[in-house]
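Undergrad: coords below, sequence missing:
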């Protein structure tokens, strides 16, 4: 038979709970794998920026300009801009997780909204320039 008259509170705790002992404080919830991926991507972006900068320097100062080199120069400039945008986004992500400031998180969200439009713009311009270059080469062969 069950009795409901036993109201002893011997099983309760003092009510104090320490959350710092069981779990580690995580600012933005970004995993370690994502941070490693972002670090590697920063290195690749820097190498790409250097490579595109060298190509732009050669095309502007050391080559005779014709329609094909102008297409390649525009393609390199769009690629350089896209890589620079990705580098800024990755640095903002790494900074927001490293410093964990709320104003930094708001800045990152605003930057991500602007960068979404710019990424689409640069990506579509790169694809358009590649198409124009291919068509120009096909026409010149004919």
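TA: Ah, there it is. Because the structure is a prediction, the values reported are computed rather than measured.
Undergrad: only C-alpha atoms for contact and neighbour calcs from this point on.
TA: OK.
Undergrad: State the mean pLDDT of the longest helix along the chain.
TA: If you go by DSSP state H, the chain has its longest helix at helix 102-141. Mean per-residue pLDDT for helix 102-141: 83.
Undergrad: please begin residue numbering at 869 from this point
TA: I'll keep to 869 as the first residue from here, and by that count the last item is helix 970-1009.
Undergrad: could you say what helices and strands it packs with?
TA: In terms of contacts (3 or more Cα pairs under 8 Å, 6 or more residues apart in numbering; DSSP states H and E), helix 970-1009 is packed against helix 935-967.
Undergrad: got the buried residues for the helix it packs on?
TA: The neighbour-count check on helix 935-967 (16 or more other Cα atoms under 10 Å) flags 939-962, 964-965 as buried.
Undergrad: do the same with stretch 907-923
TA: So stretch 907-923, judged by 16+ other Cα under 10 Å, has buried residues 910, 913, 916-917, 920.
Undergrad: hmm, back to that, which parts of the longest helix of the chain are buried?
TA: For helix 970-1009, the neighbour count (16+ other Cα under 10 Å) marks 972-973, 976, 980, 983, 987, 990-991, 993-994, 997, 1001 as buried.
Undergrad: Could you do stretch 927-935 as well?
TA: Within stretch 927-935, the residues scored as buried using 16+ other Cα under 10 Å are residue 927.
Undergrad: For it, give me every contacting residue.
TA: For stretch 927-935, contacts defined as Cα atoms under 8 Å, 6 or more residues apart in numbering pick out 937, 941.
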